[in-house]
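Peer 1: Build the 3D model from these lines:
(chains A, B and C)
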Amino acid sequence: MADKDFFDQVYQVVRLIPKGRVTSYGAIAAYLGAKGSARLVGYAMNAAGSQKPKVPAHRVVNRNGLLSGKHHFATPFTMQELLEKEKVKVDNDRVVDFKTKFWDPSIGLAL
DNA sequence: GTAATGACCTTGG
DNA sequence: ACCAAGGCCATTA
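Peer 2: The predicted structure is shown next:
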């Protein structure tokens, strides 16, 4: 676990996600220049729970704004609970106004 | 070292 | 418009 090139990058971006905002795996992957490697972002999230600096993986959802990885949290409700705490309403495991709450790293970090 | 899997996305029929 | 399959990179067994 010495080389965290892609992982560390993903963790950094995810940690930089503002509260009440959500991003998608593809967005992070594309920001890192690995558009086709969206799966790696998801995989990185899997290791996120193993990382020391806890990563707000609950702010990361799939392209449809669906809480795909909610099942990987402590409990399937953890992700939704955390999102609701961030004032992000979730309906049917789906982020409300996802496109509005969507936070693009290239935009958020660029501005 | 090889094979299979994975919290995805894109493209083709 | 909908359904299906492939591709990508890294980790783990």
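
Peer 1: Report the separation between residue A:6 and residue A:38.
Peer 2: From residue A:6 across to residue A:38, the span is 11 Å (CB to CB, to the nearest Å). C-beta: built from backbone N, CA, C; applies to glycine.

Peer 1: next one: residue A:66
Peer 2: Counting by CB to CB - residue A:66 and residue A:38 are separated by 14 Å.

Peer 1: pLDDT wise, what is residue A:30 at?
Peer 2: We have a pLDDT of 89 for residue A:30.

Peer 1: got a list of what it touches?
Peer 2: residue A:106 (CB atoms under 8 Å, 6 or more residues apart in numbering).

Peer 1: How about the secondary structure of it?
Peer 2: Here residue A:30 is recorded as helix under DSSP: H, G, I helix; E, B strand; the rest coil.

Peer 1: Is residue A:47 in contact with residue A:7, as I believe?
Peer 2: Yes - using CB atoms under 8 Å, residue A:47 is in contact with residue A:7, at 6.1 Å.

Peer 1: Look at those two and report which has more neighbours.
Peer 2: residue A:7 (21 against 14; other CB atoms under 10 Å).

Peer 1: Next, the contact list for that one, please.
Peer 2: Residue A:7 sits next to A:44, A:47, A:51 when contact means CB under 8 Å, 6+ apart.

Peer 1: what's the closest of those to DNA strand C?
Peer 2: Of all these, DNA strand C sits closest to residue A:47, with 6.4 Å by CB to the nearest atom of the strand.

Peer 1: So which elements touch the host helix or strand of the closest one?
Peer 2: Using DSSP states H and E, residue A:47 maps to helix A:38-48. Applying 3 or more CB pairs under 8 Å, 6 or more residues apart in numbering; DSSP states H and E, we find helix A:38-48 packed against helix A:5-15, helix A:25-32.

Peer 1: Could you list the residues in contact with it?
Peer 2: A:6-7, A:10-11, A:14, A:25-26, A:28-29, A:32, A:34, A:54-55, A:57, A:60, A:68-69, A:72.

Peer 1: Understood, closing this out.
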